[in-house]
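Visitor: Quick one, structure for this:
(one chain, ligands or ions: 1)
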Amino acid sequence: MYEFAVTPAVTQLRRPGVIITEVTPDSLAEELELQPNDRIVRVNGRPVRDYLDFRFQTAGETELTFQVKKTNGETHDIEFDRHEGEDLGLMFEQIVPRQCANECIFCFCKGNPEDARPSLFVRDEDIRLSFLYGNYTTLSSITEDEMKRIIEQRLSPQYVSVHATDLKTRAYLLGVDESRADISDKLERLLAADIELHAQVVLCPEINDGAILEKTLRDLAAHYPKVVSTAVVPVALTRYNKDERLTRVTPEFCRRTIKEVEKLQKEFRKTLGVTFAFLGDEIYIKAGAEIPSRRHYGNYPQIEDGVGMVRSFVNAFEKALVRTGTDSDRIPANVRTHAAAIVPKNGGKAASTNKKPIATVPGSDLFGTFLTGEMFAPILREEIDKYNALTGSRLNVIAVPNTYFGGDVAVAGLLTGQDLLAMRDKIVGDFVVIPKATIKSDEPIFLDGMTYDALRAKFSVPVYDVDTQGLIDLLSN
Ligand code: SF4
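Guide: Coordinates of the predicted model:
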C-alpha cells in the first residue's frame with residue numbers, strides 16, 4: 001500500500017510546468033534567481049509536465065533556456081550555460097499520481113474503514129511512479145501518450161499487476177471489460193522496445209489460482225529476461241471487505257499453492273536459470289512452511305512486495321549474531337526506488353523522531369520490548385531469543401493484533417497507532433521499539449491518524465522506531 005499526500009490537484013486540472021520547492025544556497029539555480037514556487041513551464045522550448053520531464057529534457061544539455069512562470073504571473077525566459085553534469089540545485093514538487101479506472105474486486109480502498117485518512121483512498125495508477133518507486137500499475141487505462149513516454153524516456157523497469165493472463169479472469173478481477181483488460185499488445189510493444197517489466201499476481205483463491213496461475217506464470221516466463229520476475233502475493237482482506245466473490249486465504253490453500261508453484265520454480269530454474277516466480281513470504285508463513293533459501297531469491301527483485309523479506313532479515317540477523325559488534329550484512333531494501341526519485345529531505349527514511357539511540361543503553365543490559373505484526377512476530381522472537389541467550393539482554397517481542405483493519409491483515413507495516421497503544425500494559429523494560437514502516441514516510445503520523453508524539457506521550461518509556469536493517473544495526477553495535 002502506498003500513500004500520497006492528497007492535494008486539490010488530484011481532482012483539479014494541473015497547470016502546466018513543474019513547481020520548484022527548494023533552491024540550494026550558492027547553486028546555479030540561485031545565481032539564476034530561481035525561487036521556490038516558480039514554475040518551469042518549458043525547457044529549450046519543450047513543455048515540462050513534471051520533474052521527470054525536467055530531468056529528461058535537461059539531461060546532458062549544457063545550453064539551456066527555461067521558460068519560468070513567477071508567482072506574480074510574469075513569465076521569463078532564462079538562458080544560460082552550465083558545465084557538463086553541473087547540478088542546478090533545484091528540488092521539485094512530488095508527482096501527483098494519476099488515478100486508476102479499475103474496480104478491482106480486492107482493491108485495498110474497499111478494505112479501509114470509512115473514516116480512514118483520505119490518502120488511503122487514493123487509487124494511484126501511474127507509470128511514472130511505477131518507474132520511480134516500483135508502484136504497480138495494471139496498464140489497463142494507459143494512454144498512447146504514456147506508452148510513448150515510457151519508451152521515449154526509457155522509464156524502465158515498469159511494475160505491472162498482471163494478476164492473470166487469462167483474459168476473462170483478468171477482466172473479472174479488475175472489474176473492467178475484456179477489451180480494457182487486454183494488455184497483450186501493450187506488453188508486447190513495451191517488451192519490443194526493451195522496457196523491462198516486473199509482474200505481480202494478487203492471488204485470489206478460486207479465481208486466479210491453480211491452472212490459471214500456472215498459465216499466467218508460464219506466459220510471463222516465456223518473456224524472460226525482459227519480464228524479469230513475477231511476485232505472487234496473497235489477497236489480504238480486512239474485516240471491511242464483504243465482497244462475496246472473494247475467499248480468504250487459508251493455510252491449506254497456501255500449502256497447495258506452494259506445492260504447485262514449486263514445480264514451476266524448479267522448471268524455471270532449469271530452463272531460465274532463475275526462480276522467476278516468487279511467492280510472497282506470507283504464503284510460507286501461513287502454510288507453516290520453511291522460507292526458501294537465499295539462493296532462491298537471487299537479488300531479491302521483489303523484496304518490497306514482501307517477497308524474500310523474511311529470508312534476508314534472518315540471514316542478515318544471524319550473520320550479525322555471529323559477529324556481534326561488527327558491521328552486519330545489509331538487507332536489500334528499496335531496490336525498486338529509482339535513483340531519479342525525489343526523496344524527502346530525511347533521505348527517504350520514515351519521519352522518525354527518535355531523540356536518542358537505544359544503543360546508549362549498555363549492550364548486554366538491554367531490557368525492552370519490540371512490537372511487531374502477528375505475521376513477523378514468531379520469526380523476530382526466535383532471533384531475539386538467540387540474541388538474549390548470547391548477550392544476556394532481556395528483550396521481549398509482542399505480536400500486535402491489527403484491530404483497525406482486522407481480517408487477514410497481520411503485517412507490521414499496517415499496524416496503527418491505536419493497535420500499538422493497546423499493548424501499553426504488556427510492555428516490559430526500559431524502552432519500546434516499533435516498526436518504522438508504521439509511520440508515514442514524510443510525516444510522523446500513523447495510518448489511523450494518530451500522531452507519533454501522541455503515541456509517545458501515552459507510553460511511560462521511550463518509544464523508538466526502526467526498520468529491519470535498523471534493528472540489526474542497533475543490536476550489532
Ligand atoms: S488498480 Fe485496482 S487495486 Fe489498484 S487502486 Fe485501482 S482498483 Fe484499486
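Visitor: burial of P401, as a residue count?
Guide: Residues within reach of P401, counting by other Cβ atoms under 10 Å, total 14. All C-beta spots, glycine's among them, are computed from the backbone N, C-alpha and C.
Visitor: can you check G429 too?
Guide: Neighbours around G429, by other Cβ under 10 Å: 17.
Visitor: I'd guessed it sits against N396; true?
Guide: Yes - contact criterion Cβ atoms under 8 Å: G429 and N396 qualify, at 6.6 Å.
Visitor: what touches both of these two?
Guide: Here G429 and N396 have 368-369 as joint contacts, going by Cβ atoms under 8 Å, 6 or more residues apart in numbering.
Visitor: how near is the residue lying farthest from the centre of the chain to V461?
Guide: Residue farthest from the centre of the chain, counting by Cα atoms, centre = their mean, is E74 at 39.5 Å. Separation of E74 from V461 (Cβ to Cβ, to the nearest Å): 56 Å.
Visitor: what ranges do the strands span in the stretch 351-477 of the chain?
Guide: 367-373, 394-400, 432-435, 463-466 (DSSP state E, counting those that start in this stretch).
Visitor: Toward the C-terminus, what is the element adjacent to the longest helix seen in the chain?
Guide: Longest helix in the chain by number of residues (criterion: DSSP state H): helix 251-271. Downstream of helix 251-271, the next assigned helix or strand under DSSP states H and E is strand 277-279.
Visitor: and that next one, which strands flank it?
Guide: Sheet partners assigned to strand 277-279 using DSSP bridges are listed as strand 227-234 (parallel).
Visitor: Just the angle for the strand it pairs with relative to helix 251-271, thanks.
Guide: 170 degrees (axes from the mean of the first three to the mean of the last three Cα atoms, to 10 degrees).
Visitor: what's the distance between strand 227-234 and the middle of its chain?
Guide: When C-alpha coordinates are averaged (Cα atoms, centre = their mean, to the nearest Å), strand 227-234 and its chain have centres 14 Å apart.
Visitor: Can you name the residue of the stretch 301-450 of the chain nearest to the ligand?
Guide: Nearest residue of the stretch 301-450 of the chain to the ligand (Cβ to the nearest ligand atom) works out as D305 at 13.6 Å.
Visitor: what's the burial count for that residue?
Guide: 21.
Visitor: now swap in S179 and tell me
Guide: Neighbours of S179 using other Cβ under 10 Å come to 9.
Visitor: and if you look at V411?
Guide: Residues near V411, counting by other Cβ under 10 Å: 22.
Visitor: what do you get for T250?
Guide: T250: 14 neighbours (other Cβ under 10 Å).
Visitor: Distance of the most centrally placed residue in the chain relative to I150?
Guide: The centroid of the chain falls nearest to E304 when counting by Cα atoms, centre = their mean (5.3 Å). To I150, E304 is 20 Å away according to Cβ to Cβ.
Visitor: and what of G60?
Guide: From G60 to I150 the distance is 20 Å (Cβ to Cβ).
Visitor: next one: S293
Guide: With Cβ to Cβ as the criterion, S293 and I150 are 35 Å apart.
Visitor: again, but for N396
Guide: 49 Å.
Visitor: what do you get for Y159?
Guide: From Y159 to I150 the distance is 12 Å (Cβ to Cβ).
Visitor: same question for the longest helix of the chain, mean pLDDT?
Guide: Mean pLDDT, computed over helix 251-271, is 98.
Visitor: With stretch 423-441 instead?
Guide: On average, stretch 423-441 scores 93.
Visitor: With just CA atoms, put that stretch into CSV.
Guide: What follows is stretch 423-441, C-alpha atoms only, in CSV (Å, rounded to 0.1, in the frame of the first residue of the first chain):
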residue,chain,number,x,y,z
MET,A,423,-0.2,-3.1,24.0
ARG,A,424,0.8,-0.5,26.5
ASP,A,425,0.1,-2.6,29.6
LYS,A,426,2.1,-5.5,28.2
ILE,A,427,5.3,-3.5,27.8
VAL,A,428,8.3,-4.6,29.9
GLY,A,429,11.7,-2.9,30.3
ASP,A,430,13.2,0.5,29.6
PHE,A,431,12.1,1.2,26.1
VAL,A,432,9.7,0.2,23.3
VAL,A,433,10.6,-0.4,19.6
ILE,A,434,8.0,-0.1,16.9
PRO,A,435,8.3,-0.8,13.2
LYS,A,436,9.4,2.3,11.3
ALA,A,437,7.0,1.3,8.4
THR,A,438,4.0,2.1,10.6
ILE,A,439,4.9,5.8,10.4
LYS,A,440,4.1,7.8,7.2
SER,A,441,7.3,8.4,5.3
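Visitor: which parts of it are buried?
Guide: 423, 427, 429, 431-440 (16 or more other Cβ atoms under 10 Å).
Visitor: who does the helix or strand of the chain with the lowest mean pLDDT touch, helix- and strand-wise?
Guide: Within the chain, confidence by mean pLDDT, DSSP states H and E is lowest for helix 468-476 among all helices and strands, at a mean of 80. Judged by 3 or more Cβ pairs under 8 Å, 6 or more residues apart in numbering; DSSP states H and E, helix 468-476 is in contact with helix 309-322.
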